[in-house]
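**Q** One predicted model, sequence on top.
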Amino acid sequence: MCNSPSVGADLGLTDKNHACNCGHASTPAPAPEAAADAIREHYLVEGMTCSHCVASITEEVSAVDGVDSVSVELNAGGASRIMVVSSAPIEPGAIRDAVTQAGYSLAAG
């Protein structure tokens, strides 16, 4: 899925099954810090293969009203886990729409 040229931006991602040849490095990323009372929702996303995919998802989901932060655990070739942190509940349909806008889909389950 990733055929874009590397711009030198290492997003610091962990990829247990790295299968992308786009040149992006895969290193562990620190979890985003959130308030103790923050709401953390987890979603599984199909079709992500590299850090470019992660950047697309992060950009679209971060733009949803109320989202404080987004972190992604990339699993190339499988379902990747995204964690959405907010101070108030976010409508799951808004997250699904953002994932779809980025070109991916939520995994059934």
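**A** Received the coordinates, thanks.

**Q** Could you pull out the helices in this structure for me?
**A** Using DSSP state H, the helices of the chain run over 51-62, 92-101.

**Q** got the end-to-end distance for stretch 40-60?
**A** Start-to-end span of stretch 40-60 (CA to CA, to the nearest Å) is 17 Å.

**Q** so which of the helices of the chain is the most packed in?
**A** Looking across these with neighbours counted as mean count of other CB atoms under 10 Å, the highest average goes to helix 51-62: a mean of 21. To be clear about C-beta, it is placed using only N, CA and C from the backbone, and glycine gets the same treatment.

**Q** For the protein, give me the ranges with low pLDDT.
**A** For the chain, the stretches flagged by pLDDT under 70 are 1-35, 109.

**Q** picking up where we left off before, would you mind giving the helices of the chain as a markdown table with distance to residue 72 added?
**A** Formatted as a markdown table, those follow (distance: least, CB to CB, whole Å):
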| stretch | distance to residue 72 |
| --- | --- |
| helix 51-62 | 5 |
| helix 92-101 | 11 |
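
**Q** Between those helices, which one is closest to residue 44.
**A** helix 92-101 (10.0 Å; CB to CB).

**Q** okay, the angle between that closest one and helix 51-62?
**A** Using axes from the mean of the first three to the mean of the last three CA atoms, to 10 degrees, the direction of helix 92-101 lies 150 degrees away from that of helix 51-62.

**Q** export helix 92-101 as PDB, just CAs?
**A** Output in PDB follows, covering the C-alpha atoms of helix 92-101 (Å, rounded to 0.1, in the frame of the first residue of the first chain):
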ATOM      1  CA  PRO A  92     -17.700   5.000  17.200                       C
ATOM      2  CA  GLY A  93     -19.300   6.000  13.900                       C
ATOM      3  CA  ALA A  94     -17.000   9.100  13.800                       C
ATOM      4  CA  ILE A  95     -13.900   6.900  14.200                       C
ATOM      5  CA  ARG A  96     -15.200   4.500  11.600                       C
ATOM      6  CA  ASP A  97     -15.700   7.400   9.100                       C
ATOM      7  CA  ALA A  98     -12.200   8.800   9.800                       C
ATOM      8  CA  VAL A  99     -10.700   5.300   9.200                       C
ATOM      9  CA  THR A 100     -12.600   5.000   6.000                       C
ATOM     10  CA  GLN A 101     -11.600   8.500   4.900                       C
END
